[in-house]
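sequence? don't have it. structure:
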């Protein structure tokens, strides 16, 4: 009786083969790479929206890294080059949207502890949040450098 119980508990070769197949399939699924591709032509300066994009499986094993792998990672970014349908989107051709535009009016802020000075200015270039840009003071005409903030103001750098 004990002999039959031990024989029943021994794994069969077919069961082992099936388990090995499942493990190999699981590791193969982990190796699948995805890439984000446009569904239509996207022109420079356009902001990427989820409806314009799709995720596809990468079938070329020689494709080098540097492409977008998830739609959520590129949503809201702006393209610098024309993107073609079905082609991977390189991260290097994307940028953050501009927070200030050249020629518009922005508020300049100089903050030195208790002294806070505010003035109107005109950016001399487009810039995203965190970039250092030159801005012309509208009242004095002096050009100052400052960092673009998320609220659209430019914090002036002391010389």
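Alright, I've got the coordinates. Being a predicted model, the structure only gives us computed values, none of them experimental. Residues are numbered from 1 along each chain as shown.

Okay, and the beta partners of the residue lying closest to residue 147 once chain neighbours are set aside?
Computed as Cβ to Cβ, 6 or more residues apart in numbering, the closest residue to residue 147 that is not its neighbour in sequence is residue 155, at 5.1 Å. The way it works is simple: take the backbone N, C-alpha and C, and place the C-beta from them, glycine included. Applying DSSP bridges to residue 155 gives these bridge partners: residue 109, residue 147.

Go through the strand ranked longest in the chain and flag the buried ones.
The longest strand of the chain (DSSP state E) is strand 115-123. Buried residues in strand 115-123, counting neighbours by 16 or more other Cβ atoms under 10 Å, are found at 119, 121-123.

Cross-check the contact I'm expecting between residue 111 and residue 155.
Yes. Contact criterion Cβ atoms under 8 Å: residue 111 and residue 155 qualify, at 6.8 Å.

domains of the chain?
Structural domains annotated on the chain: 30-95, 106-156, as defined by automatic domain parsing.

Can you add mean pLDDT and give those back as TSV?
As requested, the domains of the chain are exported to TSV (pLDDT from 0 to 100):
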stretch	mean pLDDT
domain 30-95	91
domain 106-156	94
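
In the sheet, which strands lie alongside the longest strand of the chain, parallel or antiparallel?
Partner strands for strand 115-123, per DSSP bridges, with pairing direction: strand 106-112 (antiparallel), strand 132-137 (antiparallel).

How far does the last one sit from its chain's centre?
Spelled out, that is strand 132-137. Here strand 132-137 is found 27 Å from its chain centre; the criterion is Cα atoms, centre = their mean, to the nearest Å.

cool, and the first one?
When distances are taken as Cα atoms, centre = their mean, strand 106-112 is centred 29 Å away from the chain's centroid.
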